[in-house]
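Enquirer: predicted model and sequence below, questions to follow.
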Amino acid sequence: MAITQKYKVFSWLLFDFANTSFSVIMVTFAFPLYFKNVICNGAPSGDALWGVSISLSMLLVALISPVLGAAADYSGQRKRFLFVFTLISVAATALLSFSGPGMAIAAVVLFILANIGFEGGLVFYDAYLKEIATEKSVGRVSGYGFAMGYLGALAILLLLKPLLSKGIVLANAPNVQLSFLVAALFFAIFAAPIFLVLRDQKKEKRPAISLAALGSSIREVKYTVRHIMSYPDLVRFLLAFFFYNDAILTVIAFSSIYAQNTLAFTTGELIVFFMLVQTTAIAGSIIFGFVTDKIGPKKTIVITLLIWFFVILAAIFADSKELFFYTGMLAGLSMGSSQAASRSMMARLTPKEHVTEFFGFYDGTFGKASAIAGPLMFGLVSAHAGSQKAALASLLIFFTIGLLLMTRVRSTGIYSSPDE
């Protein structure tokens, strides 16, 4: 690999390192607690508002992803799109550092913008993978990206520990607000190399957004859906993925709120908790990567879903912080393995002539849409029942449907082994 190619790969990996600062601080840990405990003053309605914020932002990204992808391909300005969406996420995150008690609506709007910038940017970021990696190294480079993301999560948690250790409460609001600004700067600084190193492939200059691009994107979505429907096992897998991934993303979005509000975790304990979760997620990605190669992705996914059942039940009946720590570590293990095995399953069921087309649908529209119903249900059940344990139990419905659909998938495809 030439030096310039190494720089391209490293800059691409650094972006994953960078944007995880947003996901771990603003989606998983600090901001959800700040939104519920400070902005909403601990009211049960805070869970519902947070669930709506997650669901609405992901719905909007799911709707615009095909248009964004087509517009970027049509104009040849992928990097410009990535820059704009990154800038939106960084700016909205920085503005959230000014949010305070009673500013729920403003905070919801800013968070939705920030999350759209983050998730929308991934559409263009992921598309660079085929350009920076060879066919033989694409899986390895993609894995390095996951690893860099988990390392980024550990780094930002360590960096912000002094600011957050006094608690995500009104008395410590200035430090918590400052942590949002630091997360925004972390994102911006480590994302910068990708814009300096990577170049878009030269194309005939066209307007970035046009009726032609919009019409093309709609035709491409119809074309993709029509082709996917020709592969019933792929359809069943995508439906299974939709349900179980929805539940997994909901656990991620509400884990900090649940741990603090239901089990009275301190902020310091939460920081340690999430560091352990990130560490076991790395281990899960590696260990179950070998398991997937040995027994196949379908069996691996079924195993991870059974682990998720145990995780949810253990979390519901956990009556001590120590038990919840162990539950979280197991959740991290299954979280990393679920991601890796699902991607392998998608590859196995996808014919070679439709790899790019189908994966774009899997990562973009379908991947984002699978994060809508779960957060909304969790928030509404929690607010209505006044119990986060009841809300957590509701996620078992999603895991059950996902597992049942997964058992009906025949793991036969261009990459399948004869015995499976």
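Expert: Yep, it's here. Fair warning: this is a prediction, and the values are worked out from it, not measured in the lab.

Enquirer: tell me which residues of the strand or helix carrying residue 144 are tucked away?
Expert: Assigned by DSSP states H and E, residue 144 belongs to helix 138-164. By 16 or more other CB atoms under 10 Å, the buried positions in helix 138-164 come out as 139, 142, 144-157, 160, 163-164. For glycine as for every other residue, the C-beta is placed from the backbone atoms N, C-alpha and C.

Enquirer: and stretch 325-333, by the same measure?
Expert: Neighbour count says stretch 325-333 has 325, 327, 328, 329, 330, 331, 332, 333 buried, by 16+ other CB under 10 Å.

Enquirer: residues in contact with that stretch: which ones?
Expert: When contacts are defined by CB atoms under 8 Å, 6 or more residues apart in numbering, stretch 325-333 is touched by residues 251, 255, 259, 273, 276-281, 283-284, 287, 307-308, 310-311, 314-315, 318.

Enquirer: from these, list just the buried residues.
Expert: Buried members of the contacts of stretch 325-333, counted by 16+ other CB under 10 Å: 251, 255, 259, 273, 277-281, 284, 307-308, 311, 314-315, 318.

Enquirer: how far away is the closest residue to residue 255 other than its chain neighbours from residue 54?
Expert: Take residue 255 and drop its neighbours on the chain: the residue closest to it by CB to CB, 6 or more residues apart in numbering is residue 28, 6.5 Å away. For residue 28, the distance to residue 54 equals 11 Å [CB to CB, to the nearest Å].

Enquirer: check residue 372 too.
Expert: Distance of residue 372 to residue 54, computed by CB to CB: 8 Å.

Enquirer: so for these two, which residue has more residues nearby?
Expert: Neighbours of residue 372 and residue 54, each counted by other CB atoms under 10 Å, are more numerous for residue 54; the result is 27 against 22.

Enquirer: show me what contacts the more buried one?
Expert: Applying CB under 8 Å, 6+ apart to residue 54 gives the contacts 27, 115, 253, 371, 375, 376.

Enquirer: tell me the one of the residues you listed nearest residue 226?
Expert: Nearest to residue 226, judged by CB to CB, of these is residue 371 at 24.9 Å.

Enquirer: out of the buried ones among the contacts of stretch 325-333, list just those in strands.
Expert: Using DSSP state E, no member of the buried ones among the contacts of stretch 325-333 falls in strands.

Enquirer: just the ones of the residues you listed in helices?
Expert: If you go by DSSP state H, the buried ones among the contacts of stretch 325-333 have 251, 255, 259, 273, 277-281, 284, 307-308, 311, 314-315 in helices.

Enquirer: what's the burial count for the residue lying closest to residue 268 once chain neighbours are set aside?
Expert: Among residues not flanking residue 268 along the chain, residue 165 sits closest, at 5.1 Å (CB to CB, 6+ apart). By other CB under 10 Å, the residues close to residue 165 number 13.

Enquirer: domains in the protein, by residue range?
Expert: As given by automatic domain parsing, the domain ranges for the chain are 8-197, 227-420.

Enquirer: the stretch 101-250 of the chain: helices as residue ranges?
Expert: Remark: helices assigned in the stretch 101-250 of the chain by DSSP state H, counting those that start in this stretch are 104-127, 129-132, 138-164, 173-197, 211-228, 232-263.

Enquirer: looking at the ones you listed, which is nearest to residue 380?
Expert: Short answer: helix 232-263, nearest of the helices of the stretch 101-250 of the chain by CB to CB, at 11.9 Å.

Enquirer: pLDDT at the residue most central in space within the chain, what is it?
Expert: Nearest to the mean C-alpha position of the chain, by CA atoms, centre = their mean, lies residue 249 at 6.8 Å. Listed pLDDT for residue 249 reads 84.

Enquirer: surely it touches residue 369?
Expert: No: contact criterion CB atoms under 8 Å: residue 249 and residue 369 do not qualify, at 10.9 Å.

Enquirer: residues contacting residue 292?
Expert: By CB under 8 Å, 6+ apart, the contact list for residue 292 reads 300, 340, 341, 344.

Enquirer: how much space between it and residue 234?
Expert: Per CB to CB, residue 292 is found 18 Å from residue 234.

Enquirer: quick one on the thing from earlier: residue contacts, the residue nearest to residue 255?
Expert: The contact partners of residue 28, by CB under 8 Å, 6+ apart, come to 252, 253, 255, 256, 274.

Enquirer: lowest-confidence entry in these?
Expert: Across those, the smallest pLDDT goes to residue 253, namely 79.

Enquirer: what about that one, neighbour count?
Expert: For residue 253, the neighbour count with other CB under 10 Å is 23.

Enquirer: surely it meets residue 50?
Expert: Yes: if you go by CB under 8 Å, residue 253 and residue 50 touch, sitting 7.5 Å apart.
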